[in-house]
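In: please find the sequence and the predicted model below.
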Amino acid sequence: MIKIALVVPFINFIPGAKEILARHNQMEGVFDGERYILEEYAVPQEELQDLKFDADVIIARGLYAELLKGRIRGIPLVEVAVQGFDMVQNLLECKRLFPGQKVAVIASLSMVYNVDRVARLLGMEAGGYCLNKEMKADILLRQALRDSCQMVLGGTSACAAAEKLHVDHLLLISGDSSFYQCLTEAKRAAGIHRRAYEKATLYKNIINYTSDGIVAVDSSQHFTMVNPSAQQVLRIKAESTVGEMVSSVAIPQELKIILTDNREYSNRVLETKGKRILLTKKFTLVKGEPVGCVASTANVVPKLVCSIYNQFTQGDIQGALESQYKLNPFRMVFDKATFPVATKDAANLIGLDLGEPVRPNTGCSDEVKALLEKKLDAIGEKYAATV
């Protein structure tokens, strides 16, 4: 079920909103088989700051939409547009009710853009005044009056300012078609956000419960993620690390250099906190541009893995090959279970108490666990969690 929050100054600000949603569901169908419900949140502008939402997507209009953009996190926001046809209808209503008066349209930028040209086509005068967090309605109204405007067309804040000064005013209305189109965008945004959240949760569980230490650093050299295994290896806490500059965190200087330089690394041996770890660093690329990097450390059979690298770099190709052949039987057992279940069970076997896998994952079968233990015994590093 997808919950749509319609945030408005008063109930029925968008006339027939729930009926339009029902018509949209019937005409357009649904995305991914979801069911949609709409709840109206009627709140004064000054209470928006403290408003809590139980919603998958938020719909708002004008200044409300702009104010919410600055404070909501993790919920997509869709703005109700005032289409050209809506503006024509509103201006014609001003002309009918207040003939000959110059109209001040006090609203968000998308609503006031080119409104003077539209008004001239209708044989009337109008000026547009852009409402935002800095430019309040009362300030814009005074400017409009200095510009010889005689009436106001706008949202609730503009009409309230006009009421105080006894200026004629009319509430700007969004038509059915505008809200209908907004619902299309809201459903699409909620669907995309839901799928992205599910995928992010899956990856988060994998990262948090793998025995490999993983950290992520963004392009501005701030830590964005430190998983539990990395916290254990590096002896740092996520709550005091995430968001901090790499240079300001208490980790070895060599690791700071590795995390912030412009190179990628594969199986780099690093001394840290009395341990030797095997480190790999890869850049995260978006459209070919690096936006951060992820580094991982192998902790199940580190002596054997490090020996492959050390022997190879020292020119002992035959020794490295023999070590690789020794590792292969253990590694091939991992293919008998899903990731990261085999890694986690193997880590438990070497003495790292990581508990059971998080549902819906389940642990390896007894047969696979016995095989993991047998291969670890053959390697001779069953209890070697560190080098």
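Out: Yes, it's here.

In: and the helix or strand residue 95 falls within, what does it pack onto?
Out: Residue 95 is part of helix 84-97, with elements assigned from DSSP states H and E. Applying 3 or more CB pairs under 8 Å, 6 or more residues apart in numbering; DSSP states H and E, one finds that helix 84-97 makes contact with helix 115-121, strand 151-154, strand 168-171, helix 176-209. Any C-beta I mention is one placed from the backbone N, CA and C, and that applies to glycine too.

In: what's next to it, contact-wise?
Out: For helix 84-97, the external contacting residues (CB atoms under 8 Å, 6 or more residues apart in numbering) are 82, 101, 103, 111, 115, 118-119, 122-124, 126, 151, 153, 170, 172-175, 177-178.

In: what's the following helix or strand after it?
Out: The helix or strand immediately downstream of helix 84-97 is strand 103-107, counting by DSSP H and E.

In: drop anything exposed from the contacts of helix 84-97.
Out: Neighbour counting by 16 or more other CB atoms under 10 Å classes 82, 101, 103, 111, 115, 118-119, 124, 126, 151, 153, 170, 172, 174-175, 178 among these as buried.

In: what average pLDDT does stretch 208-223 get?
Out: When pLDDT is averaged along stretch 208-223, the result is 84.

In: ok, back up a step: can I get the helices and strands packed on helix 84-97 in JSON lines including distance to residue 77?
Out: Compiled in JSON lines, these are given as follows (distance: least, CB to CB, whole Å):
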{"stretch": "helix 115-121", "distance to residue 77": "24"}
{"stretch": "strand 151-154", "distance to residue 77": "21"}
{"stretch": "strand 168-171", "distance to residue 77": "22"}
{"stretch": "helix 176-209", "distance to residue 77": "8"}
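
In: which of these sits most buried?
Out: Mean neighbour count, computed with mean count of other CB atoms under 10 Å, is highest for strand 151-154 among these, reaching a mean of 27.

In: tell me the strands beside that one, with direction?
Out: Sheet pairing of strand 151-154 (DSSP bridges) gives strand 103-107 (parallel), strand 168-171 (parallel).

In: hmm, who's touching the first one?
Out: If you take CB under 8 Å, 6+ apart as the criterion, strand 103-107 is touched by 62-63, 82, 91, 94, 111-112, 115, 119, 124-131, 137, 140-141, 144-145, 147, 149-155, 158, 161, 172.

In: relative to residue 20, which of the strands paired with strand 151-154 is closest?
Out: Checking those against residue 20 by CB to CB gives strand 168-171 as the closest, at 18.3 Å.

In: keeping just the C-alphas, turn that closest one into PDB.
Out: Extracted C-alpha coordinates of strand 168-171, given in PDB (Å, rounded to 0.1, in the frame of the first residue of the first chain):
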ATOM      1  CA  ASP A 168      -9.700  42.600  -2.900                       C
ATOM      2  CA  HIS A 169      -8.400  39.100  -3.400                       C
ATOM      3  CA  LEU A 170      -9.100  35.700  -4.900                       C
ATOM      4  CA  LEU A 171      -7.700  32.300  -4.000                       C
END
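
In: quick one: mean pLDDT over that strand.
Out: When pLDDT is averaged along strand 168-171, the result is 94.

In: could I get the full set of strands for this structure?
Out: Along the chain, counting by DSSP state E, strands occupy 2-8, 36-42, 57-61, 77-80, 103-107, 126-130, 151-154, 168-171, 213-218, 223-226, 265-272, 275-286, 289-297.

In: low-confidence ranges in the chain?
Out: Within the chain, the stretches with pLDDT under 70 are 29-33, 70, 272-274, 287-300, 335, 338-340, 358-361, 381-387.

In: do that again at 50, thanks
Out: For the chain, applying pLDDT under 50 flags the ranges 296-297, 382-387.

In: center of it, which residue is that?
Out: Most central in the chain under CA atoms, centre = their mean is residue 74, positioned 5.4 Å from the mean C-alpha point.
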